[in-house]
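Q: Need the 3D shape of this:
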Amino acid sequence: MKLTILGGGGFRVPLVYGALLADHAEGRVTAVTLYDTDSNRLTAIARVLADQAEGVPDAPAVLATTELDEALRGADFIFSAIRVGGLEGRAADERVALDEGVLGQETVGAGGIAYGLRTVPVAVDLARHIARLAPHAWVINFTNPAGLVTEAMSRYLGDRVIGICDSPVGLGRRIARTLGVDPERARIDYAGLNHLGWVRGLHVDGRDELPRLLADPHLLGSFEEGKLFGTDWLQSLGAIPNEYLHYYYFNREAVRAYQDAEQTRGAFLRDQQEGFYARMKDPAAPAFPAWDRTRAEREATYMSENREVAGVGERDESDLESGGYEQVALALMRAVARDERTSLILNVRNRTTLSVFDADAVVEVPCLVDANGARPVSVDPLPYHAVGLVTAVKAVERGVLDAAASGSRATAVQAFALHPLVDSVSVARRLVDGYTEVHPGLAYLKRP
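A: Presented below is the predicted three-dimensional model:
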């Protein structure tokens, strides 16, 4: 099988390739095409992959190209992990928002809207190309904001585009291990939108083990989310939120911590990765060790401002493991290609799963996956406190899609103004002005 990675010069691509190297079963991926618009980054990542493949006799062959049509033709699976505007764009998203006193995180609030406004047009163009050149390929989307971008692409690709995220899987694994349960035996009751969901149950052999966790303050406070949100708040919710809900529940504190930080997360990653790619221009530099050291530092500093707000210090080693988005992607490809039925938490079209949304709204819920793709399973309705958040954010996502399609500045302003973390229409207008000033890619937003 051929896998094409859009954004093939991206820093996290070696994680995907590492997962492929461990797969020796029949029907595995044997050819990987890396596509990127930046040839220097492509060369750097291709060097890392060559290091990884050393000593693996059946390693998938790697081709790097800056030609999109060449990358798409013949693909069985297409992995989308593009970053429109690069990390420089992410840093600008954060700074414009923080200057207005609102959150600039890349997927949540003003920063997520800005990222979506410049990413959706590119993702739609890619979806059109895929529909024309690789209509039978399955598209796995990891491009952020993942739910929004998946919904944009689904308008052209239908159910053949599936969004993935490692946050729900990582959360479920941490809960299971805290309870002394094998994560592979646990069924996670999770529902919401990407970066806006809750674990409402963790079932093992027909028994829900989550109440046992919620009833034990010592256990509840012993893992990442318990430390981040506090045991009292989790007990009052009766659920464990995705870590990104910290930006909603503790918004003032998060904004203040980001404003006080010496450097935003985007700026830190920009500088860190610029250093890595610069080192890779030296042919003698060891590629994989340099990449691995950079990756470890990246993971250790993840959401550091939020942990500072909560007063929980550095991440424990047990909390450093994410759900492994590369493992989610590999499990998804295996299930579809080999018709190996499995259950995964994915971003897919809602159909009738959550009654507060229409059929085409992309939601993040458990799905059954086989050769026919991913189908959401029935879940319990969301509680009112969750309904309020997810419906408000879905309205914002629809506003972003409408603005991207129409080029309407007024619709973009409305999308910002309706977000729960943007507290004024006047602020929303200034945000649109600020973002269009720093992002040439938003020049399509016009006044009436």
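Q: Quick one: the helices in the stretch 251-400 of the chain, in order.
A: 251-260, 265-279, 287-300, 304-310, 325-338, 384-406 (DSSP state H, counting those that start in this stretch).
Q: So which of the ones you listed is the most surrounded?
A: For these, the largest average neighbour count (mean count of other Cβ atoms under 10 Å) is found in helix 325-338, namely a mean of 21. Bear in mind the C-beta positions are built from the backbone N, C-alpha and C, glycine included.
Q: Of the helices of the stretch 251-400 of the chain, which shows the lowest average pLDDT?
A: Mean pLDDT is lowest for helix 304-310 among the helices of the stretch 251-400 of the chain, at a mean of 60.
Q: which residues touch residue 431?
A: Residue 431 sits next to 96, 97, 100, 102, 110, 113, 114, 416, 422 when contact means Cβ atoms under 8 Å, 6 or more residues apart in numbering.
Q: Can I get the helix or strand where it lies in CSV, CA atoms only?
A: In this assignment (DSSP states H and E), residue 431 forms part of helix 425-438. Taking Å, rounded to 0.1, in the frame of the first residue of the first chain, the C-alpha atoms of helix 425-438 are listed here in CSV:
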residue,chain,number,x,y,z
VAL,A,425,-17.8,42.3,19.5
SER,A,426,-15.4,45.2,19.6
VAL,A,427,-12.6,42.8,20.5
ALA,A,428,-13.7,40.5,17.7
ARG,A,429,-13.4,43.3,15.1
ARG,A,430,-9.9,44.2,16.3
LEU,A,431,-8.9,40.6,16.2
VAL,A,432,-9.9,40.3,12.5
ASP,A,433,-8.0,43.6,11.8
GLY,A,434,-5.0,42.3,13.7
TYR,A,435,-4.9,38.9,12.0
THR,A,436,-5.5,40.2,8.5
GLU,A,437,-2.6,42.6,9.1
VAL,A,438,-0.1,39.8,10.0
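Q: Quick one: work out the angle between that helix and helix 384-406.
A: On the basis of axes from the mean of the first three to the mean of the last three Cα atoms, to 10 degrees, helix 425-438 is oriented at 40 degrees to helix 384-406.
Q: ranges for the helices of the stretch 101-250 of the chain?
A: Assigned by DSSP H, counting those that start in this stretch, the stretch 101-250 of the chain shows helices spanning 109-133, 146-157, 167-178, 210-214, 217-220, 224-229, 231-237, 246-249.
Q: Those: which one's closest to residue 263?
A: Nearest to residue 263, of all these, is helix 109-133, at 15.2 Å by Cβ to Cβ.
Q: can you put the contacts of residue 431 in JSON lines and add distance to residue 398?
A: Shown next, in JSON lines, are the contacts of residue 431 (distance: Cβ to Cβ, whole Å):
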{"residue": "96", "distance to residue 398": "23"}
{"residue": "97", "distance to residue 398": "21"}
{"residue": "100", "distance to residue 398": "23"}
{"residue": "102", "distance to residue 398": "20"}
{"residue": "110", "distance to residue 398": "17"}
{"residue": "113", "distance to residue 398": "12"}
{"residue": "114", "distance to residue 398": "16"}
{"residue": "416", "distance to residue 398": "13"}
{"residue": "422", "distance to residue 398": "16"}
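Q: quick one on the thing from earlier: could I get the buried residue list for the helix holding residue 431?
A: Buried residues in helix 425-438, counted by 16 or more other Cβ atoms under 10 Å: 427, 428, 429, 430, 431, 432, 434, 435, 436, 438.
Q: No further questions, thank you.
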